[in-house]
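J.: can you look at this prediction? I've put the sequence above it.
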Amino acid sequence: MSVDLERVIQWYPGHMVRAMRKIADYLSLIDVVVEVVDARVPRSGRNPRLDDLAARRDRVIVLNRSDLADPQTTKDWVAHFAAAGIAAVPTDGRAQASVARVATAMRVLAKDRRGTARALVIGIPNSGKSSIINGLLKRSAAKTENRAGVTRQLQWFRLKPNIELMDTPGILVPKIASMAAQWKLAITGAVPRTRYEPEEVVRAFHAWAVAQNPRTAAPDLETFAAARFSRRGGEIDYHNAAQSYIRTLNDGTFGRFSFESPDDE
């Protein structure tokens, strides 16, 4: 079962256009590309243009928020990327020990380089790039918030005496082609809340969840809203209920979900 979105979800502001140009200019200085991806959407959550730009660089894919994704599906994605010759590291950006695995993967790629190795950290908005950088640096150097579009400028940080990191703005594709990708990117926070109708996104997610598992622990919006967002006279505030639903989902309360697997059509 699928639910079509009435409002098309797109977002590609001017700062993304400028950042993409700057990244292309800086690539000649880059040795290692670290791509941060939400582990729940390893396909929709990647920008193919960034993939093209980084094609000839050593790479690490960080499957961030793996604590919210289905563990077996994440393992399948790690194997999928390994088959393509790319190291993939599942992480919880809030856990230092987890982020340390990213540092290990970077050191392996940089160990044979002379002088300073430069790493570019890329990804779509709100994938957790800045949290990964802060975890690598072990300090709050990059600004983090739970919303898309916080990082607007390119920033350099020194990780080790011989490794430098560049943080970049999150960059979406100019057009999100499919409705499925639209709700997935909205519900995982890659798109600002002002760019979509939360009720539509929640209903699309729940239709998908039921199709995957008819006994899913995720309630429908009506059940969730009736218990928490009833107004006087019995009216239900579905708009605020849907926003709360999305936050609750991203807190992991409904369980762990991977919205995509490597063998999806």
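T.: Sure, I can see it.

J.: could you give the number of residues near D251?
T.: Each residue near D251 was counted by other CB atoms under 10 Å, and the total is 9. (Each C-beta comes from the backbone N, C-alpha and C, glycine too.)

J.: correction: T116
T.: Around T116 there are 14 residues (other CB under 10 Å).

J.: quick thing: my sequence starts at 413, can you match it?
T.: Sounds good: first residue 413 from here, last item T528.

J.: what distance do you get for it to L465?
T.: 21 Å (CB to CB, to the nearest Å).

J.: how about Y650, what does it touch?
T.: The neighbours of Y650, taking CB atoms under 8 Å, 6 or more residues apart in numbering as the test, are 611, 633, 637, 641.

J.: phi, psi of it?
T.: With angles defined as degrees, to the nearest 10, Y650 sits at phi -70, psi -30.

J.: how far away is it from N662?
T.: On the measure of CB to CB, Y650 and N662 end up 19 Å apart.

J.: same check on V429?
T.: 28 Å.

J.: need the contact partners of the lowest-mean-pLDDT helix or strand in the chain.
T.: Across the helices and strands of the chain, the lowest-confidence element by mean pLDDT, DSSP states H and E is helix 460-465, at a mean of 78. Taking contacts as CB under 8 Å, 6+ apart, the residues outside helix 460-465 that touch it are 432, 435-436, 439, 447, 534-535, 583, 585.

J.: go through these and say which is closest to M518.
T.: E447 (12.1 Å; CB to CB).

J.: how about the closest one, what does it touch?
T.: 458, 462-463, 466, 471-474, 533-535.

J.: so which of these comes closest to V420?
T.: So of the contacts of E447, ranked by how close each gets to V420 (CB to CB), first place is R458, at 20.6 Å.

J.: so what's the closest one scoring on pLDDT?
T.: Per-residue confidence (pLDDT) for R458: 91.

J.: how about it, nearest residue that isn't a chain neighbour?
T.: V449 (5.6 Å; CB to CB, 6 or more residues apart in numbering).

J.: is it true that the one you found lies in a strand?
T.: Yes - counting by DSSP: H, G, I helix; E, B strand; the rest coil, V449 is located in a strand.

J.: about what we covered before: save the contacts of E447 as a markdown table, and put in distance to T600 and neighbour count too.
T.: Converted to a markdown table, the contacts of E447 look like this (distance: CB to CB, whole Å; neighbours: other CB atoms under 10 Å):
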| residue | distance to T600 | neighbour count |
| --- | --- | --- |
| R458 | 12 | 20 |
| L462 | 17 | 20 |
| D463 | 19 | 13 |
| A466 | 22 | 20 |
| R471 | 22 | 22 |
| V472 | 20 | 24 |
| I473 | 16 | 25 |
| V474 | 15 | 29 |
| V533 | 18 | 26 |
| I534 | 17 | 28 |
| G535 | 12 | 28 |
